[in-house]
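# Kindly return the folded structure for what I paste below:
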Amino acid sequence: MTPNDLLKINVNDHTEKKNGLTYLSWAWAWAEALKADPAATFEVKSFNYDGATLPFMAMNGTAMVWVTVTMFGKPMTCFLPVMDHRNKPIANPDSFQVNTAIMRCMVKGLALHGLGLYIYAGEDLPDDGQSVQAEPVIVKVVTPTATADVEVNTGNADANAELFTEGMMTYTNHCTDVKGLNSYWKSNQTQLDSLKVSRPDLYDQIRNRFAEIKKQLSESK
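Reported below is the predicted structural model:
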């Protein structure tokens, strides 16, 4: 099986809708990943906080998880905030909430490889195979190496905001269409709204970069 085959799998019977968003069963998704590539793995990025190693990054009293999914020998990394049932960041999340975010982030990582990717593009059915790209990039973000521990100052909100901004800016280098660009902006709307208030200068950088890339993509058609 190849990434193109994963793109064609209809996952609708294994999804659940909550508050207008669609969630894919992580257990079913991982089973499909192992069928496609028995050597598939996923790794949760860890961070050091005052001597303790935790599976999330603290950001302004909330948390962000990072997961790398490797399939067909290719690692793909994505991040996801720890959110409540309203899809709002949770202040001081507990272990259950962090674990839920990790598994959802793992499913998002599988989407980077093609499985259920159309969900993130707002589509109802998978691609029919006529317009599949070799490398799906709708929600791809390049992040720091997932296997290395990173020293993070939990009180340094500016450093966390700058890391998020770097990830958003880097993503635009991999985008190939306006639809994917818009989809990624919407999938990170909560963090962007928070950044707009806390660091309007960084928010403007991201907004201007997305506007620039959107214009280039539109003109290239």
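
# tell me which residues form a beta bridge with residue 21?
Counting by DSSP bridges, residue 21 is bridged to residue 18.

# That one is in contact with residue 87, isn't it?
Yes - using CB atoms under 8 Å, residue 21 makes contact with residue 87 at a distance of 6.4 Å. To be clear about C-beta, it is placed using only N, CA and C from the backbone, and glycine gets the same treatment.

# So what's the residue count around residue 28?
16 (other CB atoms under 10 Å).

# Skip the chain neighbours and tell me the closest residue to it.
Distance criterion CB to CB, 6 or more residues apart in numbering; nearest residue to residue 28, sequence neighbours excluded, is residue 14 at 4.4 Å.

# these two touch, right, the one you found and residue 23?
No - taking contacts as CB under 8 Å, residue 14 lies outside contact range of residue 23: 9.7 Å.

# And residue 83, how far from residue 63?
Counting by CB to CB, to the nearest Å, the gap from residue 83 to residue 63 is 10 Å.

# same check, this time on residue 94
For residue 94, the distance to residue 63 equals 10 Å [CB to CB].

# When those two are compared, which one has more neighbours?
residue 63 (24 against 9).

# what's the helix or strand containing the more buried one packed up against?
Here residue 63 sits within strand 62-71, counting by DSSP states H and E. When contacts are defined as 3 or more CB pairs under 8 Å, 6 or more residues apart in numbering; DSSP states H and E, strand 62-71 packs onto helix 26-36, strand 41-44, strand 57-59, strand 74-81, helix 95-112.

# pLDDT on the longest one, on average?
Across helix 95-112, the average pLDDT comes to 91.

# Distance from that helix to the middle of the chain?
How far helix 95-112 lies from its chain's middle: 9 Å, per CA atoms, centre = their mean, to the nearest Å.

# Now that helix: buried residues?
Applying a neighbour-count criterion of 16 or more other CB atoms under 10 Å, the buried positions in helix 95-112 are 97-98, 100-112.

# List the buried residues of the longest helix seen in the chain.
Counting by DSSP state H, the longest helix found in the chain is helix 200-219. Neighbour-count burial for helix 200-219, counted by 16+ other CB under 10 Å, picks out 202, 203, 205, 206, 207, 209, 210, 213, 214, 217.

# Same question for stretch 7-25.
Neighbour-count burial for stretch 7-25, counted by 16+ other CB under 10 Å, picks out 7, 9, 11, 14, 24, 25.

# give me phi/psi at the fourth one?
Main-chain torsions, residue 14, degrees, to the nearest 10: phi -120, psi 20.

# Ok, the second one next?
When quoted as degrees, to the nearest 10, the phi and psi of residue 9 stand at phi -70, psi 130.

# hang on, the earlier thing: residues in contact with the longest helix of the chain?
161-162, 165, 168-169, 172, 175-178, 181-182, 185, 192, 195-196 (CB atoms under 8 Å, 6 or more residues apart in numbering).

# if we go to 10 Å?
Applying CB atoms under 10 Å, 6 or more residues apart in numbering, the external contacts of helix 200-219 come out as 158, 161-162, 164-173, 175-182, 184-185, 188, 191-197, 199.
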